[in-house]
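K.L.:
Just to be clear, the model below is a prediction. Sequence and coordinates:
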Amino acid sequence: LLAEAREILKNIDNNLTIEEAEKRRIKKTEALKIRQLGAEYERIITRMEDARKRLPEITREIDEIEQELNAIPAPRSLEALKKAMIDADDYGSQEKHNRSEQAEIISTLKTIELEQNQLGLMEKSLEEIESLPLPLAETIRIFEEHFDVNDRILLNIKEESKKIQGALLEVERQIEANRLEQEVPTENDLLKVRKLRDTGWGLIAKILNNESISKETVRHYLGNIPGSTTLANAFSTNLEQADIISDRLRREAGRVAEKALLLAKQTTHKDQLQQLKKDLENTESEKQLLTNEWTHLWQPLGINHRSPREMTQWTNDFKLLVQKVKDLRVRRTKSNQLQKHIDAHRINLIQHLDRLEAKANHHIDSLTTLIKKSQSIIVSEEELLRKREQLLRDKKKLENEIKAAKFRLESSEKDLDNWQKDWEK
């Protein structure tokens, strides 16, 4: 052991003896303090090494954050875009519906144009159609009744005329049959002959009384009795004719009566036809007046009117058309007003988006698409802003860590100086 002790002392100090080493033996209290100083030294050195190691790491991390911050575009003011998007949002949800509404309006307009054509109103504008002075239904009904009455009267007259015309033809056929069989004299024939006989006797009486008569009067009398050359001869022939007719009337009284009846019927039928002709003319004149009034009633509408019965249906169809026109006007007004708002918001959003994305073509986009683009830009900008803010927070945190590390390093260096002083003691 002694040899080992000397060998250890030799390694420590070649000149150090065992006696001297004994004198230098550390007391327990001193050994405890040495151990404490050793532990304190380890802690100080560890803190200093950690601080020196961490400082470049933090600096590198800050540099990386600054590079990321520099790569992030500068934040843009989007408050105006947000407000424009919020204002447009309600109209964006209505844009698709309004497009459908406008398509339905066009379809309805085509249907109205077709109905206009069917009603003969193609030259009228929709505004004019709404303001056309439509006759009252009661007025049309009264005209229809008057026309119906007039038409019935005309029909009756024509049917009666046709009936009487047929009867007249039958009577004339019978008269012609009698004539072909053998002409039957009538009372009128006898009266004519007797009248002519009396004229001849009057001329003879004037001659017998030495009264003057003109040759013209004699020639006129002779002219009524063919084949006679003298007054006496003519008068004799005239007497004979009167006797013959009188005898035939007595012998053929039945046929004479039949002929007289037929002639009377013929006259009656002709008178009836004449009266019916007048009635027809009067009734047609009344119908013409009625037609003129009917035409005048529809003149303000400027259409080719038809019969009252047809115009009753026309009026019903017209009322339905007018209601469609009114409904279309209201729908079109609402749709146009809504479209004006949609277009105004489109223009507003396009102006804001053009300032943010000058190269993009926003003018062909719908309001809905513009709202989605605005939302995308806002979300992207907000994400960049959050990222930037997070990087700034991280940078601030790292900068605080640098300060803390430097402070720890400085504190540790001071602690090391103090430890050195304590160790030297």
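P.N.:
Right, received. Where do you want to start?
K.L.:
what helices or strands is the one helix or strand Gly200 maps to leaning on?
P.N.:
Gly200 is part of helix 187-208, with elements assigned from DSSP states H and E. Under the contact criterion of 3 or more CB pairs under 8 Å, 6 or more residues apart in numbering; DSSP states H and E, helix 187-208 touches helix 215-223, helix 231-251. C-betas here are computed from N, CA, C, even on glycine.
K.L.:
what about the stretch 51-200 of the chain, any weak spots by pLDDT?
P.N.:
179-185 (pLDDT under 70).
K.L.:
So in the protein, which helix runs the longest?
P.N.:
Ranked by residue count under DSSP state H, the longest helix found in the chain is helix 367-424.
K.L.:
for the record, mean pLDDT for that helix?
P.N.:
For helix 367-424, the mean pLDDT works out to 85.
K.L.:
how much distance is there from the helix holding Gly200 to the middle of the chain?
P.N.:
Distance of helix 187-208 from its chain centroid, counting by CA atoms, centre = their mean, to the nearest Å, is 95 Å.
K.L.:
Please verify my assumption that Lys326 contacts Glu130.
P.N.:
Yes. Between Lys326 and Glu130 a contact is recorded at 6.4 Å, counting by CB atoms under 8 Å.
K.L.:
CA-only coordinates of the helix holding Gly200 in CSV, if you can.
P.N.:
C-alpha atoms of helix 187-208 as CSV (Å, rounded to 0.1, in the frame of the first residue of the first chain):
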residue,chain,number,x,y,z
GLU,A,187,-165.6,37.3,-118.7
ASN,A,188,-162.9,39.9,-119.5
ASP,A,189,-162.7,38.7,-123.1
LEU,A,190,-166.5,39.2,-123.4
LEU,A,191,-166.3,42.6,-121.8
LYS,A,192,-163.6,43.7,-124.2
VAL,A,193,-165.6,42.5,-127.2
ARG,A,194,-168.8,44.1,-126.0
LYS,A,195,-166.9,47.4,-125.3
LEU,A,196,-165.5,47.3,-128.8
ARG,A,197,-169.0,46.5,-130.1
ASP,A,198,-170.5,49.5,-128.3
THR,A,199,-167.8,51.7,-129.8
GLY,A,200,-168.7,50.5,-133.3
TRP,A,201,-172.4,51.1,-132.7
GLY,A,202,-171.6,54.6,-131.4
LEU,A,203,-169.9,55.4,-134.7
ILE,A,204,-172.8,54.0,-136.8
ALA,A,205,-175.3,56.0,-134.7
LYS,A,206,-173.3,59.2,-135.4
ILE,A,207,-173.4,58.5,-139.1
LEU,A,208,-177.2,57.8,-139.0
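K.L.:
Pull out the buried positions in it.
P.N.:
By 16 or more other CB atoms under 10 Å, the buried positions in helix 187-208 come out as Asp189, Leu190, Lys192, Val193, Arg194, Leu196, Arg197, Gly200, Leu203.
K.L.:
need those in TSV with distance to His305, can you?
P.N.:
Shown next, in TSV, are those (distance: CB to CB, whole Å):
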residue	distance to His305
Asp189	60
Leu190	63
Lys192	60
Val193	65
Arg194	66
Leu196	65
Arg197	70
Gly200	72
Leu203	73
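K.L.:
residues contacting the residue nearest to Asn224 when sequence neighbours are not counted?
P.N.:
Distance criterion CB to CB, 6 or more residues apart in numbering; nearest residue to Asn224, sequence neighbours excluded, is Leu196 at 5.6 Å. By CB atoms under 8 Å, 6 or more residues apart in numbering, the contact list for Leu196 reads Tyr221, Asn224, Ile225, Asn238.
K.L.:
Run a quick neighbour tally on Ile65.
P.N.:
By other CB atoms under 10 Å, 20 other residues sit near Ile65.
K.L.:
Kindly report the same for the one 10 residues further on.
P.N.:
Burial measure for Pro75: 12 neighbouring residues, criterion other CB under 10 Å.
K.L.:
On the three-state scheme, Ile364 is what?
P.N.:
coil (DSSP: H, G, I helix; E, B strand; the rest coil).
K.L.:
Please report the distance of it from Leu370.
P.N.:
10 Å (CB to CB, to the nearest Å).
K.L.:
How about Thr295, nearest residue that isn't a chain neighbour?
P.N.:
Counting by CB to CB, 6+ apart, the residue nearest Thr295 is His305, at 6.8 Å.
K.L.:
For that neighbour, give me its contacts.
P.N.:
Taking CB under 8 Å, 6+ apart as the test, what His305 contacts is Trp294, Thr295, Leu297, Trp298, Met311.
K.L.:
Would you map the helices across the stretch 51-200 of the chain?
P.N.:
79-118, 126-131, 137-181, 187-208 (DSSP state H, counting those that start in this stretch).
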